[in-house]
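Colleague: Quick check, what structure comes out for this input:
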Amino acid sequence: MHAPRRLLFVCLGNICRSPLAEGIFIHQARQRGVLNEFEIDSCGLGGWHIGNRADPRARATAAKNGVDLPSLARQFDPTTDPVRFDLLLAMDGSNARGLIDLGTPVEKVRLMRSFDPEQRNMLDEHGRPKPGVDIDVPDPYYGSDGGFDQVYAMLVRACEGLLNELTGRD
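Modeller: Here you go, the predicted model:
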């Protein structure tokens, strides 16, 4: 048996987007019977919400779709996380730049929506957005509850694409 692939989902505060992505990926991997092939975590670049559960709106959106959000918020650790994780999945370009600025090797950082099949024609040969293309997962924190539904739908497609790529079912 091979070592599990280690995935870290990253956003700014670790209470909206990255816990949703983590929960969705866990749910999808469990449904496919491949959860044991992965070690999955999430974090935020900022430390404002350390120890808190996901935002109640994120939890409600996940729950109505049958997804559990198990994590407690934690802050990215630049000394251990880039070494421990194989792939760091940034929710937006600012998060990706932050990870790289904190010493994460650029080849380990990918934008979450780069795995969304609907976005593939927007990417270059390295899986990066073409110039002028925005494939960020928008932060729903300051918006309406409907923003969480939109983010959830984006993350479902991106997690499915990520899971397909990592399991060779692409």
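Colleague: from what I can see residue 127 touches residue 114, true?
Modeller: Yes. If you go by CB atoms under 8 Å, residue 127 and residue 114 touch, sitting 4.9 Å apart. From N, CA and C alone the C-beta is placed, and that goes for glycine too.
Colleague: For the two, list the residues in contact with both.
Modeller: Between them, residue 127 and residue 114 share no contacting residue under CB atoms under 8 Å, 6 or more residues apart in numbering.
Colleague: Among the two, which residue is more densely surrounded?
Modeller: Under the criterion of other CB atoms under 10 Å, the comparison of residue 127 against residue 114 puts residue 114 first, with 23 against 12.
Colleague: My read is that that one contacts residue 124, right?
Modeller: No. Residue 114 lies out of contact with residue 124 (CB under 8 Å); the separation is 10.0 Å.
Colleague: what sits up against the helix or strand where residue 8 lies?
Modeller: In this assignment (DSSP states H and E), residue 8 forms part of strand 5-11. Outside strand 5-11, the residues within contact range by CB under 8 Å, 6+ apart are 17-19, 21-22, 25, 37-45, 76, 81, 84-92, 95, 99, 112, 137, 139, 162, 166.
Colleague: Give me the subset of these lying in strands.
Modeller: Counting by DSSP state E, the part of these found in strands is 38-44, 87-90.
Colleague: Between those, which sits nearest residue 144?
Modeller: Distance to residue 144 across those (CB to CB) is lowest for residue 44, with 21.8 Å.
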